[in-house]
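S.K.: below are the sequence and a predicted model for it; my questions follow.
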Amino acid sequence: MKRIILISLCLLLLQTLNLAPNSMPASLAKLSGMPVVNSSTLDHGGQIETKYDGFNHETIVTLKKMRVTCGGANGLQSALTQTCVSMVASLHCPGKQLDYVRYAKLQFVFESKDWDQRHPLDQRELFLVADGKQLQLGRMVLAKNNVEYDRGIEVMKEVLEVSVPYKVFDMIASSNTVEVKVGKSRFGLQEKNLEALRDMNIRVRL
């Protein structure tokens, strides 16, 4: 009997030693302070970071500025003739946790040589069509409006942002197609943009 108990204890010890961090449930990994390894293998090219903001007492998952469209051209040529659109997204979780999202924030960055492409106050209403369903997300706020220089060319940079409930972000990230309208500006999110949003979503789910 003692021999059977000893063998059972040895087997239990071996199983414990072989438990690698990557094989732990996400909830246990978070409690132990170990990094949570996502199963996502998406190659969307976006940069996503997770940081704790001690001033606002929240953990923020951020998709850094990511190109959406540039009128079919790139770099300087596009800055001369087209409006380039990029996006930034963030998920705001109260405290030091990733189990609950208080709200999400969406930013669209418009860059153009033409100052007439700016969005005055009455042209900042944000509409999305996600898999055929229209969403009216309210009036965007002007977060930044300045001039930058790209190899000597003056480029207007306008940043509009809006905060939305997490369930709206989840709907957008889960969609196969998303069309965006802000004033006279219309564009569609690319597949890589949607993959990046899905990647963000994975990081706040157990």
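M.R.: Yes, it's here.
S.K.: would you mind giving the domain segments of the protein?
M.R.: In terms of domains, the chain is parsed into 1-35, 38-202 (source: automatic domain parsing).
S.K.: mean pLDDT for those domains: which is lowest?
M.R.: Per-stretch averages of pLDDT across these put domain 1-35 at the bottom, with a mean of 43.
S.K.: any idea how far apart the tips of stretch 90-102 sit?
M.R.: 11 Å (C-alpha to C-alpha, to the nearest Å).
S.K.: what comes up buried for it?
M.R.: Within stretch 90-102, the residues that count as buried by 16 or more other C-beta atoms under 10 Å are 90, 91, 92, 93, 98, 101. In short, each C-beta sits where N, CA and C put it, glycine included.
S.K.: and stretch 102-116, by the same measure?
M.R.: Under the neighbour-count criterion of 16+ other C-beta under 10 Å, stretch 102-116 has 103, 104, 105, 106, 107, 108, 109, 110, 111, 112, 113 buried.
S.K.: the last one touches residue 148, doesn't it?
M.R.: The reference is to residue 113. No: the pair residue 113 and residue 148 fails to qualify as a contact (C-beta atoms under 8 Å) at a distance of 10.9 Å.
S.K.: what touches both of the two?
M.R.: Both residue 113 and residue 148 are in contact with residue 155, where contact means C-beta atoms under 8 Å, 6 or more residues apart in numbering.
S.K.: can you give me the strands in the chain?
M.R.: For the chain, the strands defined by DSSP state E cover 48-53, 58-69, 84-94, 103-112, 125-130, 133-139, 141-150, 153-164, 178-182, 185-188.
S.K.: what's the burial count for residue 130?
M.R.: 20 (other C-beta atoms under 10 Å).
S.K.: who does it bridge with?
M.R.: Legend: beta-bridge partners of residue 130 under DSSP bridges are residue 133, residue 178.
S.K.: residue contacts, it?
M.R.: Taking C-beta under 8 Å, 6+ apart, we find residue 130 in contact with 171, 172, 175, 177, 178.
S.K.: which among those residues count as buried?
M.R.: With burial judged by 16+ other C-beta under 10 Å, the buried subset of the contacts of residue 130 is 171, 172, 175, 178.
S.K.: show me the contacts for the residue nearest to residue 158 when sequence neighbours are not counted.
M.R.: Among residues not flanking residue 158 along the chain, residue 110 sits closest, at 4.6 Å (C-beta to C-beta, 6 or more residues apart in numbering). By C-beta under 8 Å, 6+ apart, the contact set of residue 110 is 83, 84, 85, 117, 118, 119, 156, 157, 158, 159, 160, 185.
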